[in-house]
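Asks: Fold the following and give me the result.
(chains A and B)
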2 protein chains.
Amino acid sequence: MMRVRRLVNIVATAGSLLFASSVVAPAAHGEDGYDLWLRHAPLQGEARARLLDLEPTAYASQDDVTTRLAIAELMEGIARLQGAHPIRGEPGDLPGAQAEADFVFDCRDRTIGNEGAYAIRSEGEGISIRAGEPVGCLYASYALLRELGLGADPSAIDLQSAPAMPLRLLNHWDNPDGHVERGYAGRSIFDWWHLPERLDQRMIDYARANASVGINGAVVNNVNARAFMLEPRYIEKLARLADAWRPYGIRVYLSARFSAPTEIDGLATADPLDPEVRAWWQAKADEIYAAIPDFGGFLVKANSEGQPGPQDYGRTHADGANMLAEAIGERGTVIWRAFVYSAQDETDRAKQAYDEFVPLDGAFADNVIVQVKNGPVDFQPREPFHPMFGAMPNTRLMLEVQITKEYLGFASHLAFLAPMWREVLEADTGRGGSVAEIVSPAGMAGVANTGSDRNWSGSDFDQANWYAFGRLAWDPSLSSETIAREWLAQTFDREGAFLAEAAPMMLGSKETVARYMTPLGLAHLMATGHHYGPAPWVCDLARSEWNPCYYHRADSEGIGFDRTATGSNALEQYAPAMAQDWSDPATMDERYLLWFHHLDWNYRTQSGRALWDELVHRYNQGVAEVDAMARTWEGLSGYVDEERHRAVAESLRIQQREAAWWRDASIAYWQSLNGLRLPSGTRAPSHDLDYYRSLSFPEAPGQ
Amino acid sequence: MMRVRRLVNIVATAGSLLFASSVVAPAAHGEDGYDLWLRHAPLQGEARARLLDLEPTAYASQDDVTTRLAIAELMEGIARLQGAHPIRGEPGDLPGAQAEADFVFDCRDRTIGNEGAYAIRSEGEGISIRAGEPVGCLYASYALLRELGLGADPSAIDLQSAPAMPLRLLNHWDNPDGHVERGYAGRSIFDWWHLPERLDQRMIDYARANASVGINGAVVNNVNARAFMLEPRYIEKLARLADAWRPYGIRVYLSARFSAPTEIDGLATADPLDPEVRAWWQAKADEIYAAIPDFGGFLVKANSEGQPGPQDYGRTHADGANMLAEAIGERGTVIWRAFVYSAQDETDRAKQAYDEFVPLDGAFADNVIVQVKNGPVDFQPREPFHPMFGAMPNTRLMLEVQITKEYLGFASHLAFLAPMWREVLEADTGRGGSVAEIVSPAGMAGVANTGSDRNWSGSDFDQANWYAFGRLAWDPSLSSETIAREWLAQTFDREGAFLAEAAPMMLGSKETVARYMTPLGLAHLMATGHHYGPAPWVCDLARSEWNPCYYHRADSEGIGFDRTATGSNALEQYAPAMAQDWSDPATMDERYLLWFHHLDWNYRTQSGRALWDELVHRYNQGVAEVDAMARTWEGLSGYVDEERHRAVAESLRIQQREAAWWRDASIAYWQSLNGLRLPSGTRAPSHDLDYYRSLSFPEAPGQ
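Replies: The predicted model follows:
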C-alpha cells in the first residue's frame, strides 16, 4: 500500500560504484491519506487467523441498492482485513444461498428500530446482521469492520446500536465558485461547474466516508449563500448529487438566501408575511421536491453578519423560519441559525443570541430546528457552553460545532476536537439535562473541514475530527479516548505501543492549542479577517465586537471580561447552579477564568501564582507541549508509512514555530500594557512588539 | 490497479434473494489519473516475454542523486512493465557489479552532448545508457521505459536524442493564495502557505512528471505577479521547492513584478535607470542566488494589461529587461513577455506587439529572451503565427503557448493541442526559417494546466496537452500522431484497435472546437471576463479591443477583420511570401479567411457555397464531430477502466451540449444582423437570441 518511488536497492561501494538489485516497489499509490479510516489494512497474527475462518459470502432476504452496498462494503472490507488481494468476480450460480453464507443480512427487521439502528451477532459459524432499514445494515457493515479491524473475535460479536439523534449533518461553507470559507484543505470538493453531467468519483467516496461514521446529511453550500443556487440550473446539479448519495443514506440540504425571491425573480420584497413571497417559496420547494423527493431542507443564516432576513421587514426569526417551514411542509426541515449579533446592540456579544431567540421559544413551527453554536461567541478554543441550551424547552435545538479549525491553527496545528465537543455534550445545563440530551430530538451539525487536498482535510490528523464528529453525533457518550484509538488504529496502526503514545498526544492537543493561543479563558485574540495568528493589539475596527480588545479588556491594571453581575451579567443567562460555579474565581474551573472575570494582573490564582505569572506559565506550557508532541511523533516513525509520517512531522514543525509566535507576540503585548517583568527563568519574546504587529499575510487561506 | 468499490459478486435470484460470493476488489486506489502517463502497466504476450529476459539490475560508474534517480525510475518501471509486484529491497552485497548488471549507466560521457542528450543501446545481454550529464541519464530512463512500454524489442534498442532547445518551461499563472488564473483543474498545486516546512508529495510527483517529458524549468507564479513573492519569506519557500526539484533537473523561475522595489522597500521609483533601483534588484538577485544557486531567472509581464513596467518612467522594454539582466548576470535568464497592447493605440491589436518590439531588435542583453505568444492576439482556437517570429534576428525569441484551455472549452472540451502547436512550429516565417528554428536558441514556454484535481489537469485528456508540450519542446519535429499514440498507449491502453479509434479522435479535436466556436478564422467571440461560452454580441466594453465586435466586425453586409492593405494591413508585418499566401481569399487557406478579410455574407467560398452557408456548414460540422467523438468514446469502454471512462464520457456530454450552444447562439446573433435564412435542412437555434444573451455564469472558473 505504500508509495515507494525510490525503491531501488542501491548500494554504493568503493567510490563511484552503484548497483541496483532486485527491484521492488509496492503498488502505484502511496498512503496519501485518501482512504481515510477505511483502509482495512490486513490483520496480523491471531486476529488474522480467526478472521480467516470466515468466508466472505453473504445472503440477504431482500434486494435493494443500499443492502447491496452494505454487503459489498462488508465483503470487500473482510477480504482486505484477511489480507486478500481481491479481484473482481463475475456473477455466477449460487449453490447454497442462506445455508452456506457466513454473513446473513436482514435489513427489514422492524424489531430493531428505525433509520440506522442495527444488531450484529455471531451465530453458528457466521454472523447475522439485522436492521430495521437497509441503511441500518450499511451502518452495521461499517461497525462490524471497525470491530474486526480492531481485533474483535468474530465468533463473539454482539453489537447493538442506534443513533442518538436524527440529524447528523455536515455543513459545508463552500461557495459555488469553489472557494471554501474557513476552508484549509484546498478547494471545495463540490464540482458544481461540471454537474449535472459530470459526477466526480470523489462524491461517491465522500458519501461512503460519511456513511461509515453515521453522518446522514450534508448542507452543500455556505450559510453566506448565493441566491442563484436555488435556480433550476442548480437544482439539476443538486439532483445528481442526491441520486449519488441516496444509497449511502445521505440527504442533501441547501443553505437558502432569504432574499432569493427578490434576486432570482425580481419580487419587490422578501417579507415573509407577503403572500407573493410565500407563494414563491412554496413553488420553489415544490420544484426542488419534484427533482429530489428526499431533499432534506433549508439551512438559513438570517440577519447575521450582513445576511438578509425577516428583520429587514420588521418580522421575527420565527416569522421567517415558519414561512419556509410551511413551504417545505412535512417533506423536510428548516434549520435556522441562532448565530446572530447586532451592529447596533452594544451589550455583551455573548448575550445577544439568547436575548433574541429565547423570547421566541414555542413560536417556531414543528419542522423548524434552531441551530446553536457550542459556545455563545464563535468557536473559540475555549468557551462555556451556549446558554440557549436548556433555555428553550419548547423549541428543537441543534448543536453546531466547527470541524474546520478557523480558530485552532487551521490545518497545520494538531488539535483533536473530540474532547472539546464531549465537554459541551456532557455539560449539565441545569435546565432539562445535558446538552446532549437537549439536542437529541434534533441533532448535531459540524462545519466541514473537507477540501480538494488529497487527504481531504488538509492534514492527516484533521481527518480525526471529521471522524469524531460523526461518531459523537451517533453516540455522544463515546469517550474521546475510544474515538482517538479507533481512529488511530484504522488510520495508521493497531499496535498497542503505537496507540499508547499517539492517543494521549491527540487527547491533550486541543487544550494545548488553547494554552498557547488563549489561556485562562481568553478568547478571540486572532488577527483580523483571516484569524491567522495573534493580534491582541487590534482595538480600532469599526464594530467594537470585532476587536480583540473588546474581548480581553486588558490595561495596565488587569485583564478579562467581567460577565458577572458587576459587568455584562452574561452569567444570568445560565441556570443558577451553573452561574454559581462560574461566579467565584477562587473556586471555578480556571480554564474559564478570564471569560467571566476581569482581574488584576497580580490576582492570586489557584496555583498560588499571580495572574500574570500564571498566564505566562500557561503560554510556556502550551509551547512545551507542542515540542513534546513533535518528539513523540518522531519516535513513532516505525509505525507510519514514510509519506504520511513526513507530512505530520512537517506540520508539527509549523505548529512549533507558530505556538512560539503566539506566546511571544501575546506576552510582548501584555507587557506593553502592564509593564511587568517575566517570571524568572522565562525566555523573553524573540522579537519586539513592533515586529509582531508588522507581520502581514495577505494570502492567508480561508477568508 | 482499478478501483472497484462495488466489487462483490452479487447475484439476485428468485425475487429478493441476494448472494455475495468470492470477494474481490483490486488494490485500494483506482485509475483516477494521478499517475498520468507514468503508469507502466504490465506488458502482455510476446513483449512481456521479451522483457522478462532482462533483470532489473543496474550499474553506474558514478554516484550522484540524479543518477540514482535515473536508475530507480528505470528499475521500478521495468519491474512494473514486467508485471512484478515489487517490494522494497534492503541494500545488500553486490557480487558481480558491472559484469552482472543488465543496465549499465555512464552519465558523464562528454561525447554524448550537453544537458539532456543521451544514447541508449542494446549491448550484449543488456542495455547501455550514456549521457553527458546525469539528467541525460534520467531522460534516458524515461525514454527507454516509453519505448519498452510501447512494445520495443529490448534486444534491438538504439535511441539517441538531444533537446532541440535549452529552455522547456512551464509557466504557472498561479497566485500565492492558491487561485489559478485561467486554471480549470482546481486550486494551485503549490502549497505556498505551508512551505518551507511542509513539502507536499505532489511537488515531487510534479517534478517527476515534468522530467519524464523533458521539461526543465517552471515559473512558479502568475505573470500578473504579487511583489511579496520576492520577499525573504517567499525566497525561503522557493528554496525548498528548488531543493526538491533539483534532482529532476527542474529549475525554478519567478515572475517578478516590475514595481517591487517601491512596494517591498518603499523606493520612490522603479525607474530601471535609477541607481537605487538597479542596486535593489542587484541585491535581490544576490539574495535569491544565495538561497538557490541554480535559480533560473525572472519572467516579466510589463506595461501590459495594467502591469507596471519601464514605460511608466519613459523607458523602453529593453531598458527594463537589461536592468534585470545585469542584476542576474550569467547566473540566469530574464524572460520578457511581448504580449502587450495599449489602451491608447487604436490600430489593430494584432499589430501592436510587433510595432513595440521589432524596433528594439538588438537592444536586449545577451541573457534576455523575449517571449512571444504563438499568435498575434491571444491563444485563440485559430490564429496565424506571430509576425515577430523572424522579424528580430538579433534577439532570442521564445515561443509561448497555452496548455490550459482558456479559449478552448476549459477542461471539459476535448481538444488535443499538439496539432495547433505543430502548425506554429513548422510555419515557415520566410525570414530565417521555421518558427521552431527561430526559437531553438531559446525555448518554449507553456502556460500550465495543472491544478489540485486528482487527475492534475481537470480531465484525463488534458493531461495529453501537458505531455505534448514537453515532447514538442524537446523535439518539435515529432508528429502529432506519434505523440497522441504514445500518450494514449501509456495512459490508457496499448491495443492497436484502441489506438486506431482514439488517436484520430484526438488529432481532429482542436479543429473541431475551432469549428463550433470560431470557424473560418473568426476569433475572440467568447464571453467577457471568464471567456466561457459565446458572446459575439458584446460591443460596448470600455476598451474597443475587449469587444467581440471589434474582432468579427459583422453587420448586415458582411463579416471579418480586414487586415489587408485596404484595412489594418497587419499582413505587411509578415514576410512577403506569407503575406501573399494570405492576401487572396480565393486561394488562401480558408481557416484564416475572416482573420484577414472582411467579406460579404454572400461571398462565394472555395466550396462554392456562399459565406453565410459555409459558416453555418462549419458550425454544423463542429457539432456533428463532437457527437461522433462521444460515440467513438462510448465504443472504447472495453479498453479503459470504469472510473476514467465515465469521467471522459461525462465530459463529452458537456462538450456536446456546449458545442450546440456555441453554434446556436452564434447563428442566432449573425441572423439578427444579416436577416438571412438558414440553409435548407439546417436546424434552427434551440432558443432565441435573447435567451443566449441572458445567460450568466457568475461562478465561472479561472477568472
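Asks: CA only for contacts and neighbour counts going forward, please
Replies: Fine.
Asks: A:Val65: how many residues sit nearby?
Replies: Neighbourhood size, A:Val65 [other Cα atoms under 10 Å in any protein chain shown]: 12.
Asks: do the same with the one 10 residues further on
Replies: Counted with other Cα under 10 Å, residues neighbouring A:Met75 total 30.
Asks: And what about the closest residue to it other than its chain neighbours, helix, strand or coil?
Replies: Nearest residue to A:Met75, sequence neighbours excluded (Cα to Cα, 6 or more residues apart in numbering or on different chains): A:Pro56, at 5.3 Å. At A:Pro56 the chain is in coil, as set by DSSP: H, G, I helix; E, B strand; the rest coil.
Asks: start to end distance for stretch A:441-455?
Replies: 33 Å (Cα to Cα, to the nearest Å).
Asks: one step back: pretty sure the residue nearest to A:Met75 sits against A:Asp102.
Replies: Yes - because the distance of 6.8 Å satisfies Cα atoms under 8 Å, A:Pro56 is recorded as touching A:Asp102.
Asks: neighbour-wise, which of these two wins?
Replies: Neighbour totals were compared for A:Pro56 and A:Asp102, and A:Pro56 leads with 26 against 22 (other Cα under 10 Å).
Asks: quick one: the helices in the stretch 501-650 of chain A?
Replies: Shown for the stretch 501-650 of chain A, the helices assigned by DSSP state H, counting those that start in this stretch span residues A:509-517, A:548-552, A:576-583, A:593-596, A:611-634, A:642-674.
Asks: tell me the most buried of those?
Replies: helix A:509-517 (a mean of 26; mean count of other Cα atoms under 10 Å in any protein chain shown).
Asks: tell me the mean pLDDT for that one?
Replies: For helix A:509-517, the mean per-residue pLDDT is 98.
Asks: And the strands in the stretch 351-500 of chain A?
Replies: A:368-373, A:397-402, A:443-447 (DSSP state E, counting those that start in this stretch).
Asks: what would those strands look like in TSV with distance to B:Gly458?
Replies: Listed next are these as TSV, based on distance: least, Cα to Cα, whole Å:
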stretch	distance to B:Gly458
strand A:368-373	37
strand A:397-402	30
strand A:443-447	27
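Asks: Export the ones you listed as CSV, with columns for mean pLDDT and distance to chain B.
Replies: Formatted as CSV, the strands of the stretch 351-500 of chain A follow (pLDDT from 0 to 100; distance: least, Cα to the nearest Cα, whole Å):
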stretch, mean pLDDT, distance to chain B
strand A:368-373, 98, 29
strand A:397-402, 98, 22
strand A:443-447, 98, 21
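Asks: Export those strands as CSV, with columns for mean neighbour count and distance to B:Gly390.
Replies: Conversion of these to CSV gives the following (neighbours: other Cα atoms under 10 Å in any protein chain shown; distance: least, Cα to Cα, whole Å):
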stretch, mean neighbour count, distance to B:Gly390
strand A:368-373, 25, 67
strand A:397-402, 27, 60
strand A:443-447, 25, 58
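Asks: which ones are touching A:Trp456?
Replies: Contacts for A:Trp456 (Cα atoms under 8 Å, 6 or more residues apart in numbering or on different chains) come out as A:33-34, A:185, A:449-450, A:463.
Asks: if you set the cut-off to 10 Å instead, what comes out?
Replies: Counting by Cα atoms under 10 Å, 6 or more residues apart in numbering or on different chains, A:Trp456 touches A:32-36, A:184-186, A:188-189, A:202, A:206, A:449-450, A:462-463, A:466.
Asks: tell me the pLDDT at it?
Replies: For A:Trp456, pLDDT reads 98.
Asks: One more: A:Ser22?
Replies: pLDDT at A:Ser22 comes out at 36.
Asks: cool, and A:Asp581?
Replies: Reported pLDDT for A:Asp581: 95.
Asks: Hmm, it is touching A:Met588, no?
Replies: Yes - using Cα atoms under 10 Å, A:Asp581 is in contact with A:Met588, at 5.8 Å.
Asks: Now tabulate the helices of the stretch 501-650 of chain A in CSV and tack on distance to A:Arg80.
Replies: Below are these laid out as CSV (distance: least, Cα to Cα, whole Å):
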stretch, distance to A:Arg80
helix A:509-517, 32
helix A:548-552, 51
helix A:576-583, 50
helix A:593-596, 50
helix A:611-634, 27
helix A:642-674, 21
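Asks: Which of those sits closest to B:Gly560?
Replies: helix A:642-674 (56.1 Å; Cα to Cα).
Asks: Summarise which helices and strands the closest one is packed against.
Replies: With contacts taken as 3 or more Cα pairs under 10 Å, 6 or more residues apart in numbering or on different chains; DSSP states H and E, helix A:642-674 sits against helix A:509-517, strand A:558-559, helix A:611-634, helix A:689-694, helix B:201-212.
Asks: Distance from the chain centre to that helix, please.
Replies: Distance of helix A:642-674 from the chain centroid (Cα atoms, centre = their mean, to the nearest Å) equals 23 Å.
Asks: could you give the angle of it to helix A:509-517?
Replies: 40 degrees (axes from the mean of the first three to the mean of the last three Cα atoms, to 10 degrees).
Asks: so who does whichever residue of the stretch 201-350 of chain A sits closest to chain B touch?
Replies: Proximity of the stretch 201-350 of chain A to chain B (Cα to the nearest Cα) peaks at A:Gln201, 7.3 Å away. Taking Cα under 10 Å, 6+ apart, we find A:Gln201 in contact with A:244, B:30, B:32, B:643-644, B:646-647.
Asks: Distance check, it against B:Trp537.
Replies: In this view, A:Gln201 and B:Trp537 are 38 Å apart by Cα to Cα.
Asks: next one: A:Tyr354
Replies: For A:Tyr354, the distance to B:Trp537 - Cα to Cα - is 54 Å.
Asks: show me what contacts A:His597?
Replies: With Cα under 10 Å, 6+ apart, A:His597 has these contacts: A:521, A:559-564, A:566-567, A:582-585.
Asks: Give me the pLDDT for it.
Replies: At A:His597, the pLDDT value in this model is 98.
Asks: Likewise for A:Thr347?
Replies: 82.
Asks: Next up, the contacts around the closest residue to it other than its chain neighbours.
Replies: In space, and not counting its chain neighbours, A:Thr347 is closest to A:Ser568: 7.1 Å by Cα to Cα, 6+ apart. For A:Ser568, the contacting residues are A:347-351, A:561-562, A:596, by Cα under 10 Å, 6+ apart.
Asks: Keep only those of the contacts of A:Trp456 that are in helices.
Replies: Of the positions in the contacts of A:Trp456, A:202, A:206, A:463, A:466 sit in helices, assigned by DSSP state H.
Asks: Compare the residues you listed and tell me which is most surrounded.
Replies: Among the ones in helices among the contacts of A:Trp456, the one with the most neighbours (other Cα under 10 Å) is A:Trp466, at 29 neighbours.
Asks: Where does the prediction get shaky in chain A?
Replies: The model of chain A has pLDDT under 70 over residues A:1-30, A:85-99, A:343, A:345.
Asks: what do you get if the cut-off is 80, keeping everything else the same?
Replies: Filtered on pLDDT under 80, chain A yields the residue ranges A:1-30, A:85-100, A:342-346.
Asks: Identify the residue nearest the geometric centre of it.
Replies: By Cα atoms, centre = their mean, chain A has its centre lying nearest to A:Ile403, at 2.5 Å.
Asks: What distance do you get for that one to B:Glu625?
Replies: According to Cα to Cα, A:Ile403 stands 48 Å off from B:Glu625.
Asks: same deal with A:Phe385?
Replies: 62 Å.
Asks: So in terms of bridging, what pairs with the nearest residue to A:Arg337 once chain neighbours are set aside?
Replies: Spatially, and ignoring its direct neighbours in sequence, A:Arg337 is nearest to A:Gln371 (4.7 Å; Cα to Cα, 6+ apart). Beta-bridge pairing for A:Gln371 (DSSP bridges): A:Arg337, A:Met398.
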